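Enquirer: Kindly return the folded structure for what I paste below:
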Amino acid sequence: MATKKYRRKQISPIHSFDNTWHFEVPTNRIKKLKQIILKIKIMPFNKLLAVLLFHWFLLPMYAQEIKVITYNIKYDNTNDTVNNWNDRKQAMVTLLKNNSADFIGMQEVLANQLHFLNQAMPDYSYIGVGREDGKEKGEFSPIFYDNTKYTLLNSKTFWLSKTPTKISVGWDAALERICTYGLFQNKITKEQTWVFNTHFDHKGTTARKKSVKLILRKIKELNTLKKPVILMGDLNLSPKTKAIQLLKSKIDDAITISEVPNSGPKGTFNGFKPNTPITDRIDYIFTKHFRVKNYNHIDRRLSNNKHISDHLPVFSTLTTK
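Expert: You can find the predicted model right below:
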C-alpha cells in the first residue's frame, strides 16, 4: 500500500530575552500552533519541539485510513444441513481477520453467532441489540469496531418504523427491522466518526422507502457537528430503485466514487449458488465527508467452493477529506 509522503516545512526557532521560544511557521500552521501552545506549559525546547513535530507531521499520517466491511452473515438456521453455520464460521473469522477492518457492520446475526464472533475476535468489541426484544432475542445488526484503535462515545439502536424508540414493525414490513449506530473516536488522532448499520425489510416496499427517510433524518439530527459518516448494510434494494437514488442524493454511494474500481463480482447476493453469476447488488456502503480509496465485493469461498454466506462481504478503504 502506497504511503503518502509529507514534505517537512522549515521551522526557525528564535530565542527571546524572556527565556521563551518563538517560531516562524507557515501561515496555515499558525492557528494550530497557538492551540497547541495554549495546552502546554513552558518546557525545554527539545521536548516542545517533539510535541510540535508529532502534531504537524506524524499525527496526520495516523488519520489517513478507515477500513470498513458490511456483511450479511446468514442467520444460524439449524435446519440447514447444506450451508450450516458450523461449517462456515471458522472461514468467516479468517476472512474478517485477514481484512482487518476498523468497523464491521453485520446483518442476520443471532445471539449465539454474535458471542462466537466476539470471542473469536478479541481485538474487537460490538454494539447492538436483538430486534425482537431490544436485548438478545432475534437478529442483531451489530457494529464490531477495533477496540485497539477506537473508543465508543455514544451508541443506540432504533426500529425502522413510525415508533423508532419502541420495538415495532414498520409500515408494510414483514418483520422488525433496526438500525444500530455509534459515534467512535480514534484513540490517537481524536477524530470522530458516526457509523450506522442496518438491514431493510425483504418484502415491504413502503417500509424500505420510509426506512431511508428515517435514517437520513436521524443522521441529520445526530450529526450537528458535520462529522464524517458511514452508513452500511443489506438494504434489499437494487441500485436503480428510487429509495437508493434518494440516499445517493444525500450521501455518497462509495462504489461510485472509489478511486480503484470494484474487482469482485457485480453483485453481492449469491443465494449459496456457487456456479451462478453474482449480479444482484443489495449490500452497500455509503459515506459522507470521505474519499474512497477502494471498494470491493469479496468472493472468498470454502475449500469445497461453497460460499461462506449467501451474501458477499463488501470492503472499502476510506480517507477523511
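Enquirer: Extract the C-alpha set from the host helix or strand of Leu96 and format it as PDB.
Expert: Using DSSP states H and E, Leu96 maps to helix 85-99. The C-alpha coordinates for helix 85-99 follow below in PDB (Å, rounded to 0.1, in the frame of the first residue of the first chain):
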ATOM      1  CA  TRP A  85     -23.300 -22.200  10.400                       C
ATOM      2  CA  ASN A  86     -20.900 -24.600  12.000                       C
ATOM      3  CA  ASP A  87     -19.400 -25.300   8.600                       C
ATOM      4  CA  ARG A  88     -19.000 -21.600   7.700                       C
ATOM      5  CA  LYS A  89     -18.000 -19.800  10.900                       C
ATOM      6  CA  GLN A  90     -14.200 -20.500  11.000                       C
ATOM      7  CA  ALA A  91     -13.800 -19.400   7.400                       C
ATOM      8  CA  MET A  92     -15.700 -16.300   8.200                       C
ATOM      9  CA  VAL A  93     -13.500 -15.400  11.100                       C
ATOM     10  CA  THR A  94     -10.400 -16.000   8.900                       C
ATOM     11  CA  LEU A  95     -11.800 -13.700   6.200                       C
ATOM     12  CA  LEU A  96     -12.600 -10.900   8.700                       C
ATOM     13  CA  LYS A  97      -9.200 -11.100  10.400                       C
ATOM     14  CA  ASN A  98      -7.300 -11.100   7.000                       C
ATOM     15  CA  ASN A  99      -9.000  -7.900   6.000                       C
END
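Enquirer: next helix or strand past it?
Expert: Using DSSP H and E, the helix or strand that directly follows helix 85-99 along the chain is strand 103-107.
Enquirer: Neighbouring strands - and their directions - for that next one?
Expert: According to DSSP bridges, strand 103-107 forms sheet pairs with strand 66-72 (parallel), strand 143-146 (antiparallel).
Enquirer: contacting residues for Asn270?
Expert: The contact partners of Asn270, taken as Cβ atoms under 8 Å, 6 or more residues apart in numbering, are 276, 278, 307, 310-312. Backbone N, C-alpha and C define where each C-beta goes, glycine included.
Enquirer: Model confidence score at the nearest residue to Leu225 once chain neighbours are set aside, please.
Expert: Spatially, and ignoring its direct neighbours in sequence, Leu225 is nearest to Gln192 (8.0 Å; Cβ to Cβ, 6 or more residues apart in numbering). You'll see Gln192 listed with a pLDDT of 97.
Enquirer: Gln192 bridge partners, please.
Expert: For Gln192, the residues forming beta bridges with it (DSSP bridges) are Gln185.
Enquirer: Tell me how many other residues surround it.
Expert: 17 (other Cβ atoms under 10 Å).
Enquirer: ok, now which ones touch it?
Expert: Counting by Cβ under 8 Å, 6+ apart, Gln192 touches 153, 183-186, 225, 227-228.
Enquirer: Let's see that with 7 Å instead.
Expert: By Cβ atoms under 7 Å, 6 or more residues apart in numbering, the contact list for Gln192 reads 153, 183-185, 227.
Enquirer: same deal with Asp234?
Expert: Neighbour list for Asp234: 72, 107, 199-200, 282-283, 311 [criterion: Cβ under 7 Å, 6+ apart].
Enquirer: Which members of those define the maximum pairwise distance?
Expert: Checked with Cβ to Cβ, the contacts of Asp234 reach their widest spread between Phe200 and His311, with 13.2 Å between them.
Enquirer: so what are the domain limits for the chain?
Expert: Using automatic domain parsing, the domain parsing of the chain gives 12-60, 63-320.
Enquirer: hey, which of the ones you listed is tucked in deepest?
Expert: Among those, domain 63-320 has the highest mean neighbour count (mean count of other Cβ atoms under 10 Å), at a mean of 18.
Enquirer: Can I get stretch 138-147 in CSV, CA atoms only?
Expert: Listed in CSV are the C-alpha atoms of stretch 138-147, where the atom choice follows Å, rounded to 0.1, in the frame of the first residue of the first chain:
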residue,chain,number,x,y,z
GLY,A,138,-33.9,-12.1,17.3
GLU,A,139,-31.4,-10.8,14.8
PHE,A,140,-28.9,-8.2,15.6
SER,A,141,-27.4,-5.6,13.2
PRO,A,142,-24.2,-5.2,15.2
ILE,A,143,-21.2,-3.0,14.6
PHE,A,144,-17.9,-4.6,15.5
TYR,A,145,-15.1,-2.0,16.0
ASP,A,146,-11.4,-2.3,16.6
ASN,A,147,-11.1,-1.5,20.3
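Enquirer: I'm done for today, thanks for sticking with me.
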